[in-house]
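S.K.: Give the three-dimensional model of this entry:
(one chain, ligands or ions: 1)
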Amino acid sequence: MDTAKITQNITTELEQLKKYTSTPEKGITRFPFTQEAKEAANYLAQLMTEVGLKVRTDNTGSIIGRLEGKSSETIMLGSHYDSVKHGGAYDGIAGVICAIEVARLLRENNNTLSYSLEIIATNDEEGARFNTGLFTGKVLLGQLTVDDIKNQFDAQGISVYDAMKSYGLQPDEIAEHTRNDIKAFLEIHIEQGPVLEYHGAQLGIVQVIVGIKRAKITIRGRADHAGTMPMNMRQDALEQASKVISKISDRARLFPNSVATVGYLEVKPNIMNIVPSEVNFAVEIRGTDEDSIMSQYYALLADLDQMSHASGLTYTAENLLFTSPVKMNETIMNILEASCIERGYSYMQLPSGAGHDAQIFGEQIPAAMLFVPSIGGRSHCPEEKSEPKDLAVATIVAYDAILKIANSL
Ligand SMILES: [Zn+2]
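M.R.: Next up is the predicted model:
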C-alpha cells in the first residue's frame, strides 16, 4: 500500500476544498444550498469521476459515486461536506476525501465487490443553517416530510423547502427518497476531541454515539428592590437557580462517559439592583447509555421540586431534544480492529460525544465509525487540524474493511 501517495492525495484535495467557504479569512463556512456548497459539490463530483465512479447528485444535495458490485445492494462509505460557521477544513470533508481514496485503491487494485459501493458526501449534517442537521441521512431513511422542511428556517427566514427549490432540487419529493438497498454505513471522521492524541493512538474505533437530552428550565420568583427586601422575604430566582445548577456538573462526574452542560442562561430583569424575577437555563446531558442520561435528568427535576417546596418559587421544564445513544455494529468493529492489528496500527475504542451521520444510519442498519486524532482536540474552529498521514491510516483500514464487509454481512 503506497501510504505516501495516499497522504499526498489527501493533503492536496483538502487544500483545494479550503477554497469553498463564504468566510475565507475566518475558517470554513459552507452552509447547505449555497454557492460555496455547489462549488465544493462540483469539485467532489469531479474527483469521484476521476477515480472511476459513476457519479450522481441526489435530491438532498449529496454527491454519490457508485462502484457496481455483483449485487445491487449497497455499502455506503462517506461523511458530510457542509460545515458549521467559521469551522475547520477537516470536519466531515476529511472523511469524504478518505472515502474517495478508498474507491481509488479499490479501482487500482481491480477489486471486485459482492455488494455495490457508494461513496457519499452528505449534505446539511451540521444543521448550522437551519438548526436541524443529519439532513441526507434522515431523508434516505425516510424520516422527513414536506411539512417538516416547510417549517425549518434559517436566520433570514428562508425555509429548507425554499432553499432546496432555489438550489434546483425537488422538495415536494422529499419523502420519496427512502433507500432500502443500504446494507451497511461506514464513516471516517476526525475525533473533534483530545482523547486519541492523549493516548497516542493513530486511530479510534467508535463504540457508541452518545445520546442527548436537552431541556429548558424556567424558575419564577419575584422582582423586588435589592436594598429594601430582607433576605428572608425575597424570592430570588437566580439564587435558587444557582443552587440547582451547581449540582449538575458534579452529578455528571459520577457517571462514566457522561457530560452535562448549562451553556445558556437568561436572567430577568438582569438589572444590578433588582432581585431577579426569572431565570431560564438550558441543560444538555450526553451519555453512552440512556439510563445514566435520564437518571441525571430526573435528579435535576427532584432538585427543582425540592427547591420549589422549600422556597415557594415555581418552575417549568420543557423538553427540547432527546436522542438515544446508538451502538455501532460489532461485526464491523471487529473487522476494523483486525485490520489495525494486521497492519500494526495503534488504535483504541472510544465513544463519540458528538452526533454524526453514522448515528442516523446506525439506528436502522449496521454502521461503524473510524476516528482520526484531532491535534490539540480542536474542532469547530479555524485551528482544527488532523495529520494527513493519520487520515491515510484510516483510509487503509476502511479499504480493508470494505473488502471484508462485502463478504461477511
Ligand atoms: Zn462532522
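S.K.: Between its first and last residues, what's the separation in stretch 255-273?
M.R.: 39 Å (CA to CA, to the nearest Å).
S.K.: How far does that stretch sit from its chain's centre?
M.R.: In terms of CA atoms, centre = their mean, to the nearest Å, the centre of stretch 255-273 is found 23 Å from the chain centre.
S.K.: what comes up buried for that stretch?
M.R.: 255, 257, 258, 260, 262, 268 (16 or more other CB atoms under 10 Å). C-betas here are computed from N, CA, C, even on glycine.
S.K.: Minimum pLDDT in these, which residue is that?
M.R.: Among the buried residues of stretch 255-273, residue 257 carries the weakest pLDDT, at 92.
S.K.: roughly how far is stretch 276-288 from the heart of the chain?
M.R.: 21 Å.
S.K.: One more: stretch 109-117?
M.R.: For stretch 109-117, the distance to the chain centre is 29 Å (CA atoms, centre = their mean).
S.K.: Rounded mean pLDDT for it, please.
M.R.: For stretch 109-117, the mean per-residue pLDDT is 92.
S.K.: Quick check: buried residues in it?
M.R.: Applying 16+ other CB under 10 Å to stretch 109-117 flags 113, 114, 115, 116, 117 as buried.
S.K.: From one end of that stretch to the other, what's the distance?
M.R.: 15 Å.
S.K.: what do you get for stretch 129-140?
M.R.: Stretch 129-140 has an end-to-end distance of 20 Å (CA to CA).
S.K.: Contact residues of this structure facing the ion?
M.R.: Contact residues, the chain versus the ion (CB under 5 Å from the ion): 91, 92.
S.K.: what bits of the protein have low per-residue confidence?
M.R.: 409 (pLDDT under 70).
S.K.: Residue 199: neighbour count?
M.R.: Counted with other CB atoms under 10 Å, residues neighbouring residue 199 total 13.
S.K.: Leaving out sequence neighbours, find the closest residue to it.
M.R.: residue 348 (5.7 Å; CB to CB, 6 or more residues apart in numbering).
S.K.: Can you point out the helix or strand that includes the one you found?
M.R.: Using DSSP states H and E, residue 348 sits in strand 347-352.
S.K.: Break the chain into its domains for me.
M.R.: Annotated domains of the chain cover 3-209+325-408, 211-323 [automatic domain parsing].
S.K.: can you give me the strands for the stretch 301-409 of the chain?
M.R.: Applying DSSP state E, counting those that start in this stretch to the stretch 301-409 of the chain gives strands spanning 314-323, 326-327, 347-352, 367-372.
S.K.: Point out the most buried one among those.
M.R.: Highest mean neighbour count of these: strand 367-372, a mean of 27 (counted as mean count of other CB atoms under 10 Å).
S.K.: List of residues touching that strand?
M.R.: 94, 184-191, 196, 203-206, 209, 326, 328-329, 332-333, 336, 350, 352, 356, 358-359, 361, 386-387, 390-391, 393-394, 397-398, 401 (CB atoms under 8 Å, 6 or more residues apart in numbering).
S.K.: angle of it against strand 347-352?
M.R.: 110 degrees (axes from the mean of the first three to the mean of the last three CA atoms, to 10 degrees).
S.K.: Okay, now the sheet partners of strand 367-372, with direction.
M.R.: According to DSSP bridges, strand 367-372 has the following sheet partners: strand 182-190 (parallel), strand 203-209 (antiparallel).
S.K.: Take the longest one, keep the C-alpha atoms, and write them as CSV.
M.R.: Only the C-alpha atoms of strand 182-190 are listed here, as CSV (Å, rounded to 0.1, in the frame of the first residue of the first chain):
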residue,chain,number,x,y,z
ILE,A,182,-28.2,0.1,2.0
LYS,A,183,-26.7,-2.9,3.9
ALA,A,184,-24.1,-1.0,5.9
PHE,A,185,-22.7,2.5,6.5
LEU,A,186,-19.1,3.3,7.4
GLU,A,187,-17.8,6.8,8.2
ILE,A,188,-14.3,8.2,8.7
HIS,A,189,-14.4,11.4,10.8
ILE,A,190,-12.0,13.5,12.8
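S.K.: Which positions in that strand come out as buried?
M.R.: So for strand 182-190, counting by 16+ other CB under 10 Å, buried means 182, 183, 184, 185, 186, 187, 188, 189, 190.
S.K.: Farthest pair within those residues?
M.R.: Spanning the widest gap among the buried residues of strand 182-190 are 183 and 190, at 25.7 Å by CB to CB.
S.K.: what ranges do the helices span in the chain?
M.R.: For the chain, helices defined by DSSP state H occupy the ranges 3-17, 35-50, 93-108, 135-140, 146-150, 160-166, 195-199, 237-252, 290-311, 330-343, 357-362, 388-408.
S.K.: Could you list the alpha-carbon positions for the fifth one in PDB?
M.R.: Going back to what we said before, that points to helix 146-150. Output in PDB follows, covering the C-alpha atoms of helix 146-150 (Å, rounded to 0.1, in the frame of the first residue of the first chain):
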ATOM      1  CA  VAL A 146     -42.600  18.100   3.200                       C
ATOM      2  CA  ASP A 147     -44.300  19.600   6.300                       C
ATOM      3  CA  ASP A 148     -41.100  19.300   8.300                       C
ATOM      4  CA  ILE A 149     -38.900  21.100   5.800                       C
ATOM      5  CA  LYS A 150     -41.500  23.900   5.300                       C
END
